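With the sequence up front, the predicted model follows.
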Amino acid sequence: MHSTLLAHERDPEIRFDTKKQIAAFTSQICEVIVGKTEAVKLAVACLLARGHLLIEDIPGVGKTTLSQALARSLGLVFQRIQFTSDLLPADILGNSIFDRNEQRFVFHQGPLFSQVVLIDEVNRATAKTQSALLEAMEEHQISADGVTYELPQPFFVIATQNPQYQVGTFPLPESQLDRFLMRIELGVPDRASERAMLLGMDRREMLKELHPIFGAETLLDIQARVRTIHTSSALLDYLQDLLDASRQRHRSGLSPRAGLALLHASQAWAMMNGREMVLPEDIQAVGIPVMAHRLGHDIEQSGQSGRTFADALLNSVPVP
Amino acid sequence: MRQGGSSKSGFPLTSTRSFAGLLFVLAAIWYAASSQNNAASYLLLFALMGVFLVSIPRTLLNLGGLQATAESIKPAFAGQEISLPVEVTNESRATRYGIALTLPDLGDARKRIDEIPPGKAARTVLRFPAATRGEHEIGRLHLSSVYPLGFLRVLKQLPSPQRYVVYPKPAGDQRLPAETVRSGQRSSQRELGEGDDFAGVRAYVRGESQRHIDWKAVARGQALMTKQFTAESDGLLYLDLAAMRFGDLEARLSQLTLWVIEAERARRPYGLRLPAIEIPPSLGEPHFHHCLRTLALFQ
Amino acid sequence: MKVVRKQDTRIPRRPLLWLAAALLFTLPPMFGTLPSWVPLLFLIALAAKFWMEPKGYRLRSLVWKLVLVALILSLLFFSYGSIRGMEPGVSLIVMLTSVKILEAHTAREFHIMIMVAWILCLCGFFLSQNLAIALCLLIAFTLLLVALIQFHRGPLSAFWSPVRTAGKLLAQAAPLIILLFLFFPRLSTGFRFQIAPQREASTGFSDRLSPGSVSFLANSSEVAFRAEFPDGKIPPLSAMYWRGLVMWHGEGLEWAAPNAPAALPRTSQGTPHGQAIRQWITIEAHDARWMFALDRPVNSPSGATLAPGNYLWSNQPIHKPRRYEVISYPEIPNNRLHSREREPLLEVPTAISPAVRALAQSWSAEKAEPRAIVNKALEFFRTQGFHYSLSPGEYGKNDLDEFLFHRRLGFCEHYAASFATLMRLAGIPARVVTGYLGGEYNEIGHFFLVRQADAHAWCEVWFPDSGWQRIDPTAAVAPDRVNLGFNSFLERRGAAAGHLDNTQSVLARELARWPAFDRARLGWQTLSYAWDTRVLSFDGDEQESFFASIGIPSHRQIFLIVGTVVIAIALLLALYAAWTHLRTRPCGDRLKIMYESFCRKAARLGAPRNPSEGPFDFSRRATRLLPDESDRIRRIAKAYIALRYAPAPDPTTLEQFAEEVNGFVRAS
């Protein structure tokens, strides 16, 4: 493949190794989530870019399987929280409980103290719980009773929500959607993939057989190296053109944080493709999952979804 | 001039109607000046000529660095208006004035953009009537300008491969079929939803009658659900082209379109059956557009 | 059938404002030259338009339009008696424009109105060509440009920005205008339309010297002509007699010049004496044929003849300012006068009273020597209580008695006419010369400005030994008139006699004492002089001499010149276009330019790059579309990506990239 030719030759060995590792990681997950290579790759890119992932899809397409597969392949601690309307912030963050023996309050860590957290139906919890979660996602720490607790590293949240509007849900506000690096849709598998799945092993069995490809240490190392992927000024021009165009066309365009998210995601994408620098194509590849949910709010009023708008943006802003 | 990948042919300058007026005025002044040997009149003649000559390159360059991008077009029903949002970007370092956008293949749709500062973009929406159903192409998009003096028009043709769909005109006097057809073919989509997700419940959708809400479920602390979930399996509304015995094809398609709209409005799940095409019953915006699109493209 | 959709094409307000301003500036030449109701109605129409426009009114009905046009035609007919000729024509155009203003409301009519306004500018130049009018019309012209620019720019822009654009346009056009002005062939069309000189010589000279005809001019500050002395030899102000017409035919207090000077007998002349004085004279249009030169011209400029009596006579009426060079000598001896020449010079009207005859004969009887008789006559004027006055009262043609013996109050024409008549009665050949005396020196432009107020009349008598000799009887009565120049003379006299008591001239005199104002006035006169000499007088002949001076001798080469000019203009335009192109091209480095040329070539080969397509995607697509060139495209894309997006590109890669792109672009 000629993209390898283009790669910079600084430390070919490690780079090559990393790429192979990531590829192995991705393909292992793809074995479990059949026919969703693109979504899996995006999820991996999101993980590598140190971002959180929002999966918006109908039940039963494998959201949980995907997150579990990710956690297992990384050898990370995995927790799943089902959000409901009566869930309180303390239920996910943890409680301080009075210990009679020690005569003091002891903090009992909640399920959020985990490396990979799957939040099911994130929009069912009240705004209070949501904001507690999102604060933890953003800050990588939890404050309870005046004490700050660091969350484990790496920390990766996968949240799911049902796209249909339902009574009793609290749609995530625009500002909080922004905390998710990407929003992806898994979608129904195509016919052949579905057949493969129907014929194949039970997914849950398969999950148990997954072995960690790289551990937490390696992941942190790769995450750190993603940020060093080179972004030339021409590329930043393009990125800024996109941001400007989104701001010109709509009342609330992409925020600076969205720009940063786009940059990090495209860096991760470039690394997954074994490149030492980011190309406009990388931005385009991750553009829709990164931008669509950030643009959705304003546009849905005019009958266009964020997805089509992000698509139009990528198709109309010229590459400088 | 940057073309941005689009090629164009022919000399881009054409004269406008007022150019003839200018020629007439020039000729009149020349005649008067030369017959009277009047130097001041000659000066007027030369001033007019000079200004006109200097305005030629200005006119020519007034489209320099302009890029027009047509965005995606929302479908419309025949007889309605199609809106084409166009964004014109000024990549040059000078402000551009008086830009006209036209669609030469689509009648006299015309929009004017007064001013685009350097490095900025202007958006406008071109409107033109949606004539017949089907999928059409925009064809060409013309950028033109007569700035500054209006004697010459500079034209830039941009091939615009944008396509748009025109749904059939909703018309007809038949009522929406009341009885629902029992169908052996049931959609198997719902069986997938096993697993850890919430499944098997049909969520309440805003706008539905509240009488159908399953209040018991609500009492259990669950979300609102409607009883229609169970009613749905009773029978399915299929809108069938072959079942209609009146009118020509277009009239029947129009009738079907009207029914699709009515069914969607009444929130009755509907399917569509055309020769060689079948769309299983469902509801919702994507389904609605899918059906209309199918009707629009039906040959 | 195409259905024309009714579009909202009303003229936006701002262009209309600019247009109205421009139309206002076309008005000044009409005042004073056309009947005053013409520009007034025009103004009313403009005002009405601004009243009607916001209300949506306009002149719609055809009947009303026809009625208006008929009304205008009849009004014109009443005031002119005919609608042929220039001024009625201009009036008609102005009035029709007024109707058009009331009627116009669409964008197309806006353009028509702009065109009409240009024609009005042209009409303005036909009515008057002086500098003030020209400046007004220049402003009108610029405002028309502004109106057009504003119209095509839309209502968004800042208020003054179209003005700036129009200014830039004019400034850029200026070299072109100058080139065209110098080189555009001034062909005279065979089908010229004649404009009857309808202008009355109301303020100006005439070929009759009747009592009051010169004093009538004394209040006119209009410019008669301007004179420059290129050699720097400037005669004293008191000797600056500008010779205009020579009047041979005396009728007492009224004298007349012959209609056709060529009919006069040609007299032989000796060689001129004294210092030759070269002058450049720029004469204002006066629609007659006389021309002026310092006393006395010896040569005639082109287009004019030197009439016997040593004055200049133009071959054509002077309808526009004209500049000519002439050489004068203060003295030309002419000591032979044939008897057939002498006879008409002694003719006197029979109606002259015996008292006057007796007076003249008393002098000639006393002394036979002509000079003694002249001195005697001057003595008479000096000592017998004659007064020089601007308002001497009415005199008839035969009121010589009244003037000489009773009232003894007169202006220069009275003295010159009576003196010449008396000389003829005394047997000395005499004639009256009219022209101007003195002038105002402009120290900025180094020229003399001679106004109508400087008009003067004096006498010439013939002495057998020296020929014609200038005698100014006015100098005998009021020596200051000759020595100080007319304005200073008036000022001194006016202060005492209270002639010029009206506030306007008091104000003007107060202002004149203020040095800055004086300098401004002189500067304006200089400009105006330059306008007349450099611009207005540049006609076909001047052009030919200009061509000769830059080494293009004959008229035949005119087409060569025109060709050169056209090429020069084309070059200038091309340079300008290139310059603007460079300025407006999106800023991009060499790499980007080369990549774009690569993309253009690829597009020609059938693989156009989508503007939003990245280089890697494009190369993949292009290699699929152009399999023959796939290797090269791949190499180019690789180099481009490395150069543009990689952290530290190798400088040699750029050269490789350039080579590859060149190879690709040149490949067929």
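Yep, that arrived.

most centrally placed residue in the chain?
The chain I'm using is chain A. Computing the C-alpha centroid of chain A and ranking residues by Cα atoms, centre = their mean puts residue A:53 first, at 2.4 Å.

You answered for a different chain; I wanted chain C.
residue C:129 (3.5 Å).

Skipping adjacent residues, who's closest to it in space?
Closest residue to residue C:129 apart from its sequence neighbours, by Cβ to Cβ, 6 or more residues apart in numbering or on different chains: residue B:40 at 4.5 Å. (C-beta placed from N, C-alpha, C; glycine too.)

Determine how far the strand or helix carrying the one you found lies from the middle of the whole chain.
Using DSSP states H and E, residue B:40 sits in helix B:39-61. Distance of helix B:39-61 from the chain centroid (Cα atoms, centre = their mean, to the nearest Å) equals 42 Å.

go on, stretch B:275-282?
Between the centre of stretch B:275-282 and the centre of its chain there are 26 Å (Cα atoms, centre = their mean).

what's in contact with it?
B:185, B:187, B:236-238, B:241-242, B:269-273, B:287, B:290-291, B:294, B:298 (Cβ atoms under 8 Å, 6 or more residues apart in numbering or on different chains).

Helix, strand or coil: sort out the residue nearest to the centre of chain A for me.
strand (DSSP: H, G, I helix; E, B strand; the rest coil).

List the beta-bridge partners for it.
residue A:158, residue A:182 (DSSP bridges).

Surely it is in contact with residue A:186?
No - Residue A:53 is beyond contact range of residue A:186, at 11.1 Å (criterion: Cβ atoms under 8 Å).

Walk me through the domains of the chain.
The chain I'm using is chain A. A:11-226, A:229-320 (automatic domain parsing).

Switch to chain C, please.
With automatic domain parsing as the reference, chain C has domains C:13-172, C:208-261+C:270-336, C:340-430+C:457-495, C:590-666.

Redo those as JSON lines? Include distance to residue B:253 and mean pLDDT.
Shown next, in JSON lines, are these (distance: least, Cβ to Cβ, whole Å; pLDDT from 0 to 100):
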{"stretch": "domain C:13-172", "distance to residue B:253": "43", "mean pLDDT": "85"}
{"stretch": "domain C:208-261+C:270-336", "distance to residue B:253": "79", "mean pLDDT": "80"}
{"stretch": "domain C:340-430+C:457-495", "distance to residue B:253": "97", "mean pLDDT": "80"}
{"stretch": "domain C:590-666", "distance to residue B:253": "35", "mean pLDDT": "83"}
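
Same list, the ones you listed, but as a markdown table with distance to residue B:74 please.
Formatted as a markdown table, the domains of chain C follow (distance: least, Cβ to Cβ, whole Å):
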| stretch | distance to residue B:74 |
| --- | --- |
| domain C:13-172 | 28 |
| domain C:208-261+C:270-336 | 68 |
| domain C:340-430+C:457-495 | 83 |
| domain C:590-666 | 21 |
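
Out of these, which is closest to residue C:548?
The closest of the domains of chain C to residue C:548 is domain C:208-261+C:270-336. By Cβ to Cβ, the value is 12.9 Å.

how much distance is there from the closest one to the middle of the chain?
That offset, for domain C:208-261+C:270-336, works out to 21 Å (Cα atoms, centre = their mean).

can you check stretch A:31-38 too?
Remark: stretch A:31-38 is offset 16 Å from the chain centroid, using Cα atoms, centre = their mean.

That stretch and chain B, are they touching?
No - on the criterion Cβ under 8 Å from any Cβ of the partner chain, stretch A:31-38 is out of touch with chain B, staying 13.0 Å away.

Now look at that stretch and say if it contacts chain C.
No - shown here: stretch A:31-38 not in contact with chain C (Cβ under 8 Å from any Cβ), separated by at least 15.8 Å.

pLDDT averaged over that stretch, what's the number?
Averaging pLDDT along stretch A:31-38 gives 82.
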